[in-house]
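[1] give me a model of this one.
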Amino acid sequence: MPEDSPTRAHSSLQVTTPLGTDALLLQGLDGEEHLSAPFTFLLNLSAKDADFDLSTLVGAPSSVKLIDGDGNERFLHGIVTRANRSGIVCSAELRPWLWLLTLSSGCRIFQNMSLPDIVCQVFTDHGFTDYSQSLTTTYPSVDYCVQYRETAFDFVSRLMEEAGIAYFFQHSADAHRLVLVDDPSGHPACPNITALPFKPLGSAPGWLGDARIESLSVERNVGVTAYQADDYSFETPSTDLKVSTGEGTRQVYEYPGLFLARDAGEQAANRRMQAFEAGITLVSGTSPVRALSAGCTFTISEHPSETLNSTYLLRTVRHTARQNEYTNSFVAQAADVVFRPPRRTPRPVIAGSQTAVVTGSQGQEIWTDQYGRIKVQFHWDQVGQKDENSSCWVRISQNWAGASWGAFTLPRIGQEVVVSFLDGDPDRPLVTGCVYNGDNPVPYTLPDEQTKTTLKSNSSAGGGGSNELRFEDKAGSEEIFVHAQKDLMLTVENDRIQTINHDDTATIKNDRAVTISEGSESLTVSKGDRTIAVETGKETHTVKSTRALTVTGAETHTNDADFTHKVTGNFTLEVDGSITIKAGSSILLDAGGSLTMKSGTNLTATGGTSTTVTAGTGLTLTAGTTAQLTGSASGTIDGGGMLELKGGLVKIN
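    Residues are numbered from 1 along each chain as shown. Below is the predicted model:
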């Protein structure tokens, strides 16, 4: 390099880049930094070599050093996100690594993590570790948080805004660090300065030095005076979750408030109100103090208005620097007022419905909890493993839902379901139905069986069976089909009325039992026959009280084996006509006591060969008028001991 070439050795404005020392000289800088926003610095450069490769510069870290009149150094470090050159004139844009998250978008689910932990997880997953937390609040875990079709930057910005977490950057010669903060105690004082006196230009003779405030103005804004929010928890549906803070008519109301418990709602309401109040009173000013940095505090002194001699938190600092020249403008608020970032980043909205696949633990067919919720994996999920961790527990819309009554169906692992989102919020999915697909076809072949409507289940675990209620609406073949894979249980609390206008056929392959606990049974065959057949086995009738059988026509009993009729009491057989008892062999009438045979007119006993009447002791034959014993051939009356014939007149001929 020629001896008269410019160098940065004695410059108050210096730059360090991957191109090496003095390859680029910084001629000027314009930029701004904000609390809870990425900084941007535009560098005006001159190059030693007009042919240097821009790709070496773009995407690489670089730093700027600002040196004040007292030799104090202020560094601005960042990533070169854009550069252009024309000859030896070059410009470059310096931004934080956080800005690179604007170049990455995706769809991802986080579960059972606090919002700060999710934010830091996103940073780490993108390869960034230059961050720290200065948080005073303990943040609860959220069950479910979705990044949906938004950049990683928008996602983390949205979460920090919802949690009321601010951030700022701390710069050094070779790095810049993002700091998360949620309390005034987390904001450090600007380095290398004490109280800055208010010394406007022209107010004092001579050189005033760099450590001063040159101008200052106060801004007062009309703001929100009250905040109210409400939400709903299905687990405690009767609980009133409405929360409010502040008072007045300038009230902001939000639903849903994104909380499921009242204490969480009160904390959220306070954070929102703090965000509104932080912008009501602001101060703006200008200064040559290079150390002023967004997110840091400083103190103003010697202002004629004593109320302005106070400590402030810098919200915005705009820098303008040239060789040996520097000025800035700033916006600040009272340092003891909590800064909460305003909600600028919109929540993603899913318009309409999507489909997803039901998931669960490996080896299971059904995966649910006590509320009948399921897990699903969305088709857009980049990291899901189709297991029990693929989503939060998702409620299912049923056709009817009451207090332990209604309609209930539970989608199973592998089924495709339709998912809607309450208020379009990706964090609040709701299963509204199921759809068939190529892996899960419809139960019957279509369009061949298009007239069938069915409710058909699948046995679990393993499948292979089903319960089914099917309707066939084909004209002329209408049918209702009920199939129970194992048991069918029917309970009727009062009457059951069944009308069948044609045949009724029941086939039972095992036992059948009918119990009438109280009341009567009536079976009427109005016209036609009734047949009961026991082909193998026995038929037993047990009647514990009386039994009556009335047959208006003929009745025939046919027994192919023995017939025994046993009566423990009396037995009466009454026939209006005649009785015929016919035995192929013999008939035995055996009375344990007496046996009486009585006829209104004649009593005839006839034996084809002989008739024997035997008495163990005595035999008496008595006739009211005449008794006659006749043998057509011969007759014998024989008394083994003595034979006595006695009458008023006895004739023996």
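[2] against which helices or strands is the longest helix anywhere in the chain packed?
    In the chain, taking DSSP state H as the definition, the longest helix is helix 262-277. Applying 3 or more Cβ pairs under 8 Å, 6 or more residues apart in numbering; DSSP states H and E, one finds that helix 262-277 makes contact with strand 226-229, strand 243-246, strand 251-254. To be clear about C-beta, it is placed using only N, CA and C from the backbone, and glycine gets the same treatment.
[3] now the ones you listed as JSON lines including mean neighbour count and distance to G279?
    Compiled in JSON lines, those are given as follows (neighbours: other Cβ atoms under 10 Å; distance: least, Cβ to Cβ, whole Å):
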{"stretch": "strand 226-229", "mean neighbour count": "20", "distance to G279": "14"}
{"stretch": "strand 243-246", "mean neighbour count": "18", "distance to G279": "15"}
{"stretch": "strand 251-254", "mean neighbour count": "14", "distance to G279": "13"}
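[4] in JSON lines, list the ones you listed along with mean pLDDT and distance to F41.
    Putting those into JSON lines (pLDDT from 0 to 100; distance: least, Cβ to Cβ, whole Å) gives the following:
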{"stretch": "strand 226-229", "mean pLDDT": "95", "distance to F41": "36"}
{"stretch": "strand 243-246", "mean pLDDT": "94", "distance to F41": "39"}
{"stretch": "strand 251-254", "mean pLDDT": "94", "distance to F41": "35"}
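[5] and those as TSV, adding distance to S185?
    Below are these laid out as TSV (distance: least, Cβ to Cβ, whole Å):
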stretch	distance to S185
strand 226-229	24
strand 243-246	22
strand 251-254	28
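[6] quick one: closest of these to T368.
    strand 226-229 (31.5 Å; Cβ to Cβ).
[7] state the mean pLDDT of the longest strand anywhere in the chain.
    The longest strand of the chain (DSSP state E) is strand 73-86. Here strand 73-86 scores 95 as its mean pLDDT.
[8] again with stretch 528-541
    In this model, stretch 528-541 has an average pLDDT of 85.
[9] which helix or strand contains D30?
    Assessed by DSSP states H and E, D30 sits inside strand 24-34.
[10] do the same with I118
    helix 115-125.
[11] ok, now E161?
    Following DSSP H and E, one finds E161 within helix 152-163.
[12] quick one: strands adjacent to the helix or strand just after that helix?
    With elements assigned by DSSP H and E, the helix or strand that comes after helix 152-163 is strand 166-171. Note on strand 166-171: by DSSP bridges, its sheet partners are strand 176-181 (antiparallel).
[13] before we move on, the earlier item: list the buried residues of the longest helix of the chain.
    262, 264-277 (16 or more other Cβ atoms under 10 Å).
[14] what's the answer for stretch 420-438, then?
    For stretch 420-438, by 16+ other Cβ under 10 Å, it's 420-421, 425-429, 431, 434.
[15] quick one: which of the residues you listed is nearest P188?
    Nearest to P188 out of those is D427 (Cβ to Cβ; 34.5 Å).
[16] show me what contacts the closest one?
    Residues in contact with D427 (Cβ atoms under 8 Å, 6 or more residues apart in numbering) are 144-146.
[17] local confidence estimate at it?
    96.
[18] next secondary structure element downstream of the worst-scoring helix or strand of the chain on mean pLDDT?
    The weakest-scoring helix or strand in the chain, judged by mean pLDDT, DSSP states H and E, is helix 54-57 (a mean of 91). Following helix 54-57 in sequence order, the next helix or strand is strand 61-67 (DSSP H and E).
[19] okay, the angle between that following strand and strand 166-171?
    80 degrees (axes from the mean of the first three to the mean of the last three Cα atoms, to 10 degrees).
[20] strands of the stretch 401-550 of the chain, residue ranges please.
    416-421, 429-435, 452-456, 468-472, 479-483 (DSSP state E, counting those that start in this stretch).
[21] can I get these in a markdown table including distance to V567?
    Formatted as a markdown table, the strands of the stretch 401-550 of the chain follow (distance: least, Cβ to Cβ, whole Å):
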| stretch | distance to V567 |
| --- | --- |
| strand 416-421 | 71 |
| strand 429-435 | 67 |
| strand 452-456 | 56 |
| strand 468-472 | 51 |
| strand 479-483 | 46 |
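[22] so who does T17 touch?
    Taking Cβ under 8 Å, 6+ apart, one finds 23-24, 57, 60, 62, 80 in contact with T17.
[23] let's see 10 Å
    Neighbour list for T17: 23-24, 26, 43, 45, 52, 56-57, 60-64, 80, 83, 92 [criterion: Cβ atoms under 10 Å, 6 or more residues apart in numbering].
[24] against which helices or strands is the helix or strand following the longest strand of the chain packed?
    Next along the chain after strand 73-86, taking DSSP H and E as the criterion, comes strand 89-95. Contacts defined by 3 or more Cβ pairs under 10 Å, 6 or more residues apart in numbering; DSSP states H and E place strand 89-95 against strand 24-34, strand 37-47, helix 54-57, strand 61-67, strand 73-86.
[25] how about CSV for these, with distance to T327 and mean neighbour count added?
    CSV is the format used below for these (distance: least, Cβ to Cβ, whole Å; neighbours: other Cβ atoms under 10 Å):
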stretch, distance to T327, mean neighbour count
strand 24-34, 11, 21
strand 37-47, 15, 19
helix 54-57, 27, 15
strand 61-67, 12, 20
strand 73-86, 13, 19
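[26] can you say which of these is nearest to D503?
    strand 37-47 (82.6 Å).
[27] report the angle between that closest one and strand 73-86.
    60 degrees.
[28] residue ranges of the helices in the stretch 501-650 of the chain, please?
    Listed in chain order, the stretch 501-650 of the chain contains no helices at all (DSSP state H, counting those that start in this stretch).
[29] sketch out the low-pLDDT regions of it for me.
    595, 599, 603, 605-608, 611-650 (pLDDT under 70).
[30] distance of the closest residue to W97 other than its chain neighbours relative to L115?
    Leaving aside its sequence neighbours, W97 sits nearest to F128 (Cβ to Cβ, 6 or more residues apart in numbering; 5.1 Å). Separation of F128 from L115 (Cβ to Cβ, to the nearest Å): 18 Å.
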